[in-house]
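>>> Quick one, what's the 3D model for this:
(2 chains)
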Amino acid sequence: MATQNTAEPAPPGLGEESGRLPEDGAADAAGGPRGNRSPGRPARSSASAGGNRLWTVLMLPGTLWMTAFLIGSLVLVATLALGTTDPLGNPRFGFRLENFSALAEPAYLEVMLRSLGYALLTCVICLLIAYPVAYTIALHGGRFKTLLIALIVVPFFANYLVRMYGWSVVLSDDGPLLQGLRAIGLASDGTKILQTGTSVVAGLVYGFIVFMIIPLYAALERMDVALIEAGRDLYGGPLRTFFHVTLPATRQGAAAGCVLVFLPAMGDFVSAQLLGGPDQIMIGNLIQDKFFQGQNWPLGSALTMLLLAVLFLGMLGYLRRARKDEAEALR
Amino acid sequence: MTTPSAAARPARRGTDRKPRFALAMTVAFFAVLYLPIGVVVLYSFNSQKSLTVFKDFSLRWYRDFFHDQLLIDSLGMSLQVALVAMAGSLVLGVTLALGLVRCRNRLGSLAGLIMLVPLVTPEIVTGVASMLLFKGMQIPLSTGTVMLAEITFSISYVTVILRSRIAALNPEVEEAAMDLGATRWQALRLVTLPALLPSILASAVLIFALVFDDFVLAYFTTGVDPQPLPVRIYSAIRFGVQPTINAVGTLMLVGSIALIALALFIPRLFGRRGGLDLLSGK
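The predicted model follows:
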């Protein structure tokens, strides 16, 4: 593997090593990044003919490790999804589609659709909250911009479980939120938030909104503010300027944020476990159940594959969209 | 709770009119962001078990934590796992990043793709997959399996952070070293690696904090005893209010916030501006 690539002419201009053109020949393969090294310089063929080999060797341990532990384990999940369990509940490999047809049962479909609904709703709510926040910080944050973004990012790195636990206290029946709402008459004594779909989605939003804020902030920050001024000079009201200028300019940031929120939200089981009730379980809870309590690993694997398939479709849609946007931008 | 007033400062650039709605939203957002964290910290000092009435200031839950051998064992295990995962993923991740940037061939692009997989896969999938792999290879789940799994998924973070830094380096500096007689290996060791030191340190701290706090992967790959601290917390809070968890949670919050702040500001210590690019992966 390592020697093969020294002979392979790479397309020019891609990077340092590939800057070398095929006709430079093996002796000048030493040339390195620019390829236009003056002939008077001593060739270091011994040092850098081994260059590409050195880089390949450096790359190998990490790649082999990830192939073994990551790709290997994912293949194992895919294989086991086609297997069965013996009467004792031990997983057996096989080639049956039983697990996937079992997933078509209404009970599973309901959980699947609910997870999809919760995850999509989480994206929408995150977008609605994150946009004004990112907008304010990027365009009106002044010299406090970096500090404000850090104040959002740092607590996000605090332990996810502890944050969710604190969130469950805030949303609890006697928690600060409901007490406040009752005080201003917006909630009655019987109003509950915990153990409802609202609290599960609220948990997902609280957990992952930072993934929406960062790309939106980056997009708004990159945007040329003169565009907004131009919109206003052309007698666009604030709203029209926003919808015709600002929003289109940051669409890619929003799309990236949606993917970054959708991925973890779809697979989450902590929010439904800590904030929801039995009627709010998501696909993550089902998977967890099949591997820990239910001990039906093949079915759990099939659920995992289904989750991956949904996410894959979502990613594909995003990538196609992004490519189209890029093509339009170039035109 | 934090600095909503800072958001209200006059704009330096951009639109002259301040959008009131967006401003109000931002203030509310910061309040809600810090409310749950504030509640945990506040009630960790409560003398009562209640999470709604704050009675007196007391350190009893912290005392309880330090006398709870199970929790202390878990803390020790989490620290071990974080240290080993940090060391392992640094070695594998830095070398992988160097290789990925410098080596432009088919193997390189394949390695680049594999490296991205953990970043686009939800943790529950990777958790289930790792657990099945260990079970399939007949490796009993233990501290060691958690370490192996955490290394695997930390490599990607190290590589993503380091890759952009390496690409930003001027290759001519390395060439100059080689023109002066250094071998490629010496140039790498004496020129490139020192230049990468701030990023390497920052990602080390980041990985330590991420692994220490990680729950999902640890949950699927840990044995029964000891269990990592986040797993222990999870089993405790599933069954209702546990004031000790407030104390543990507060200590963990302080720890990870300190570490992340450190990671963000390490590049500044080395005289480079900003550190937030670390997070956006740029």
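>>> CA only for contacts and neighbour counts going forward, please
Fine.
>>> pLDDT averaged over stretch A:187-195, what's the number?
Mean per-residue pLDDT for stretch A:187-195: 82.
>>> Stretch A:104-116 too?
92.
>>> is it anywhere near chain B?
No: against chain B, stretch A:104-116 shows no contacts by Cα under 8 Å from any Cα of the partner chain, the least distance being 13.7 Å.
>>> And for that stretch, what's in contact with it?
A:103, A:266, A:280, A:281, A:282, A:283 (Cα atoms under 8 Å, 6 or more residues apart in numbering or on different chains).
>>> Let me know whether residue A:152 touches residue A:209 as I believe.
No: judged on Cα atoms under 8 Å, residue A:152 makes no contact with residue A:209 at a distance of 9.7 Å.
>>> most surrounded residue in the contacts of stretch A:104-116?
residue A:282 (30 neighbours; other Cα atoms under 10 Å in any protein chain shown).
>>> residues contacting it?
Contacts of residue A:282 by Cα under 8 Å, 6+ apart are A:111, A:112, A:114, A:115, A:268, A:269, A:272.
>>> Ramachandran angles for it?
Here is the backbone geometry of residue A:282 (degrees, to the nearest 10): phi -110, psi 180.
>>> hang on, the earlier thing: look at residue A:152 and residue A:209 and report which has more neighbours.
Between residue A:152 and residue A:209, counted using other Cα under 10 Å, the more crowded position is residue A:209 (25 against 19).
>>> Distance-wise, check the residue nearest the centre of chain B relative to residue B:157.
Most central in chain B under Cα atoms, centre = their mean is residue B:210, positioned 2.5 Å from the mean C-alpha point. Per Cα to Cα, to the nearest Å, residue B:210 is found 10 Å from residue B:157.
>>> Please apply the same query to residue B:19.
The spacing between residue B:19 and residue B:157, counted by Cα to Cα, is 37 Å.
>>> Looking at these two, which one has more neighbours?
Taking neighbours as other Cα under 10 Å, residue B:19 and residue B:157 compare with residue B:157 leading, 24 against 14.
>>> Any regions of the chain where pLDDT drops low?
This is for chain A. For chain A, the stretches with pLDDT under 70 are A:1-51, A:87-89, A:331.
>>> Oops, wrong one, chain B.
Applying pLDDT under 70 to chain B flags the ranges B:1-18, B:240-241, B:271-282.
>>> Is chain B within reach of stretch A:59-77?
Yes: against chain B, stretch A:59-77 shows contacts by Cα under 8 Å from any Cα at A:59-63, A:65-67, A:69-74, A:76-77.
>>> Return the set of buried residues in that stretch.
Residues of stretch A:59-77 classed as buried by neighbour count (16 or more other Cα atoms under 10 Å in any protein chain shown): A:59-63, A:65-67, A:69-71, A:73-74, A:76-77.
>>> And for stretch A:223-240?
For stretch A:223-240, by 16+ other Cα under 10 Å, it's A:223, A:225, A:228, A:229, A:231, A:232, A:236.
>>> still on that earlier bit, list just the nearest of the contacts of residue A:282 to chain B.
Using Cα to the nearest Cα, residue A:268 comes nearest to chain B of these, at 7.3 Å.
>>> Do me a favour and get the backbone dihedrals for the closest one.
According to degrees, to the nearest 10, residue A:268 has phi -70, psi 140.
>>> That one against residue B:124, yeah?
Yes: using Cα under 8 Å, residue A:268 makes contact with residue B:124 at a distance of 7.3 Å.
>>> Now the common contact residues for the two.
Common neighbours of residue A:268 and residue B:124 (Cα under 8 Å, 6+ apart) are residue A:284.
>>> Could you find the closest non-adjacent residue to residue 66?
The chain I'm using is chain A. residue B:152 (6.0 Å; Cα to Cα, 6 or more residues apart in numbering or on different chains).
>>> meant chain B actually
Closest residue to residue B:66 apart from its sequence neighbours, by Cα to Cα, 6+ apart: residue B:72 at 6.7 Å.
>>> Pretty sure that neighbour sits in a strand.
No: counting by DSSP: H, G, I helix; E, B strand; the rest coil, residue B:72 is not part of a strand but helix.
>>> for the stretch 151-282 of chain B, what spans make up the helices?
B:171-179, B:184-187, B:193-213, B:216-221, B:229-238, B:243-269, B:277-280 (DSSP state H, counting those that start in this stretch).
>>> between the ones you listed, which gets nearest to residue A:298?
The minimum distance between residue A:298 and those falls on helix B:216-221, with 15.9 Å, by Cα to Cα.
>>> when you scan that closest one, is anything in it near chain A?
No: using Cα under 8 Å from any Cα, helix B:216-221 stays clear of chain A, with a minimum separation of 8.8 Å.
>>> For residue A:91, give me phi and psi.
Recorded main-chain torsions at residue A:91 are phi -70, psi 140, according to degrees, to the nearest 10.
>>> Mind listing the residues bridging to it?
Residue A:91 forms beta bridges with residue A:85, as assigned by DSSP bridges.
>>> Looks like it contacts residue A:299 (just checking).
No: if you go by Cα under 8 Å, residue A:91 and residue A:299 don't touch, sitting 9.6 Å apart.
>>> mind giving me the domain ranges of the chain?
Just so you know, I chose chain A. Taking automatic domain parsing as the reference, chain A has its domains at A:4-61, A:107-330.
>>> try chain B instead
B:4-61, B:76-280.
>>> Out of these, which one sits most buried?
Of all the domains of chain B, domain B:76-280 has the most neighbours on average by mean count of other Cα atoms under 10 Å in any protein chain shown, namely a mean of 20.
>>> picking that back up, among the contacts of residue A:282, name the buried ones.
Among the contacts of residue A:282, those buried by neighbour count (16+ other Cα under 10 Å) are A:111, A:112, A:114, A:115, A:268, A:269, A:272.
>>> just these now: which is nearest residue B:194?
residue A:268 (39.7 Å).
>>> Kindly provide the distance from the closest one to residue A:135.
28 Å.
>>> How about residue A:76?
Using Cα to Cα, residue A:76 is found at 45 Å from residue A:135.
>>> Kindly report the same for residue A:313.
For residue A:313, the distance to residue A:135 equals 30 Å [Cα to Cα].
>>> and what of residue B:217?
As judged by Cα to Cα, residue B:217 and residue A:135 stand 35 Å apart.
>>> Ok, residue A:299 next?
Distance from residue A:299 to residue A:135, by Cα to Cα: 45 Å.
>>> Which one of those two is surrounded by more residues?
For residue A:299 versus residue A:135, the count of surrounding residues by other Cα under 10 Å is larger for residue A:299: 27 against 22.
>>> Tell me which of the buried residues of stretch A:223-240 fall in helices.
Per DSSP state H, helices hold the following members of the buried residues of stretch A:223-240: A:225, A:228, A:229, A:231, A:232.
>>> wait, isn't the second one in contact with residue A:245?
Yes: with contact taken as Cα under 8 Å, residue A:228 and residue A:245 are classed as touching, separated by 6.5 Å.
>>> Now list whatever residues contact both of these two.
In contact with both residue A:228 and residue A:245: no residue, using Cα under 8 Å, 6+ apart.
>>> Quick check: residues of the stretch 101-250 of chain B near chain A?
Applying Cα under 8 Å from any Cα, one finds that the stretch 101-250 of chain B approaches chain A through B:102-105, B:108, B:111, B:114-115, B:118, B:120-126, B:128-130, B:132-133, B:149, B:152, B:155, B:171, B:183-184, B:209-210, B:213-215, B:230, B:233-234, B:237-238, B:249.
>>> Against chain B, how distant is residue A:292?
9 Å (Cα to the nearest Cα, to the nearest Å).
>>> can you count the residues close to that residue?
13.
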